[in-house]
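S.K.: the sequence isn't on hand, but the structure is:
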């Protein structure tokens with residue numbers, strides 16, 4: 001199996017992963033209804049994020065936490081959302097890729113999901129999420 005060591009392979013992984021996310025009965029409503037993503041635009045952003053994280057590309061310059069705070073403020077992301085996202089991510093990754101970059105992607109996903117969940121469910125994170133929904137930038 002190939003590794004996630006090129007932009008094209010990262011793109012292929014993200015496309016495969018989001019096919020499952022956007023078909024998932026728990027996650028699809030969060031992405032499509034609550035966050036109301038434009039799928040092609042979102043995929044381009046997420047591909048840029050993972051290229052930055054894995055290959056050091058300078059293509060992602062957004063505040064990831066702010067966007068997730070806003071979604072959390074609207075729907076209350078729960079542990080089950082993070083668990084499902086991570087399970088799908090890891091399953092698709094393991095089925096299609098292996099090597100040092102794939103292992104790094106796996107480790108990063110576990111860390112990111114855990115950190116994000118802890119932050120959003122903290123008092124400060126929840127307060128910031130509520131303020132974002134009200135249009136008050138923290």
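M.R.: Perfect, I can see it now. Quantities reported herein were computed from a predicted structural model and do not represent experimental measurements. Numbering: from 1, shown residues only.
S.K.: who touches the helix ranked longest in the chain?
M.R.: For the chain, the helix with the greatest residue count under DSSP state H is helix 100-120. The set of residues external to helix 100-120 that reach it, using Cβ atoms under 8 Å, 6 or more residues apart in numbering, is 3-5, 13, 50, 53-55, 65, 68-69, 72, 77, 79, 82, 85-86, 89-90, 93-94, 97, 125-126, 129. Heads up, the C-betas are built off the backbone N, CA and C, glycines and all.
S.K.: mark which of the residues you listed are buried, thanks.
M.R.: 3-5, 13, 50, 53-54, 65, 68-69, 72, 77, 82, 85-86, 89-90, 93, 97, 125-126, 129 (16 or more other Cβ atoms under 10 Å).
S.K.: next step: the contacts of helix 100-120 restricted to helices.
M.R.: Per DSSP H, these map to helices at 13, 50, 53-55, 65, 68-69, 72, 79, 82, 85-86, 89-90, 93-94, 125-126, 129.
S.K.: quick check, distance from the longest helix of the chain to the centre of its chain.
M.R.: 9 Å (Cα atoms, centre = their mean, to the nearest Å).
S.K.: what comes up buried for that helix?
M.R.: So, applying 16+ other Cβ under 10 Å, buried residues of helix 100-120: 101-102, 105-106, 109, 112-113, 116-117, 119-120.
S.K.: just want the angle from that helix to helix 79-96.
M.R.: With axes from the mean of the first three to the mean of the last three Cα atoms, to 10 degrees applied, the angle from helix 100-120 to helix 79-96 works out at 180 degrees.
S.K.: what sits closest to residue 86 if chain neighbours are left out?
M.R.: residue 113 (4.7 Å; Cβ to Cβ, 6 or more residues apart in numbering).
S.K.: low-confidence bits of this structure, can you list those?
M.R.: 60, 62, 136-138 (pLDDT under 70).
S.K.: how about a cut-off of 80?
M.R.: 59-64, 135-138 (pLDDT under 80).
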